[in-house]
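Novice: Next one to model:
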Amino acid sequence: MKGIDFSGEKEIAIIEQVNQVYLEKGVKSITMDDMAKELRISKKTLYKYVKNRAELVKKSVYFHVLKEQKLVEEIQAKELNPIQETREIANYVIDTLSKINPVVHYDLEKYFPDSWKLLNEYFSGFVYNSILLNLENGQKSGVYRDNFSPEVIAKLFISKIDSTFDAQMFPPENYTFVQVYIDFIQHHLYGIVSEKGSKILNKINFTNI
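Specialist: Coordinates of the predicted model:
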């Protein structure tokens, strides 16, 4: 995933606020004027750091990705049981989903192709490798079955996870993103755990994360 440079702490602070606005209110409906008002800064200040709205969205997505990547790396550094590691990462994702506007996914995919590409590169790169490592560690420790290919399951995981955030597939009036994600994670884990892992997994109540 190609990096994006930030000019300093002030820009990072602004982009962090921008990211929160987009997550809460959606992306397409927020103009540069709207964003300046939300942040209580001048539009001139925004244009000091970006050329246009598309670049602002892309920097916002990149900031979000960096934040999530750092958190996942911190969890991985704890060297937890792979099932517990998955739960801790799920905690963060669920907390984020509980606050995100359902239109964000659609807005990015339809109207901001560069940002959507950046997000996909993150999932096919860092997220894929994280899932792969978790699966390999799970097999080595015996909590996952040893009769599946980690590469295949990791690829399947990545191909399916995007659907859990799709408001067209799971309309917000019928489903919450949180419940869809919980069902997805449970389906993933129960499909790969060994008898040893099943005993650990059965003690975890994902519905109360």
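Novice: and the nearest residue in space to Tyr144 that is not next to it in sequence, what element?
Specialist: Distances taken as Cβ to Cβ, 6 or more residues apart in numbering place Gly138 nearest to Tyr144, at 3.4 Å, with adjacent residues excluded. (Glycine included, C-beta is placed from N, CA and C.) For Gly138, the host element (DSSP states H and E) is helix 128-141.
Novice: which other helices and strands contact that helix?
Specialist: helix 53-76, helix 82-97, helix 150-164 (3 or more Cβ pairs under 8 Å, 6 or more residues apart in numbering; DSSP states H and E).
Novice: average model confidence for that helix?
Specialist: Mean per-residue pLDDT for helix 128-141: 98.
Novice: what's the answer for stretch 12-19, then?
Specialist: 97.
Novice: Just the residues contacting that stretch, thanks.
Specialist: 6, 35, 38-39, 41, 45-46, 49, 56, 59-60, 63-64 (Cβ atoms under 8 Å, 6 or more residues apart in numbering).
Novice: before we move on, what about stretch 47-62?
Specialist: Residues outside stretch 47-62 that contact it (Cβ under 8 Å, 6+ apart) are 3-4, 6-7, 11, 14-15, 18-19, 22, 27, 31-32, 35, 46, 108, 112, 114-115, 118-119.
Novice: hmm, try it at 6 Å
Specialist: Stretch 47-62 is contacted from outside by 4, 11, 15, 18-19, 22, 27, 32, 112, 114-115, 118-119, using Cβ atoms under 6 Å, 6 or more residues apart in numbering.
Novice: This completes my enquiry, with thanks.
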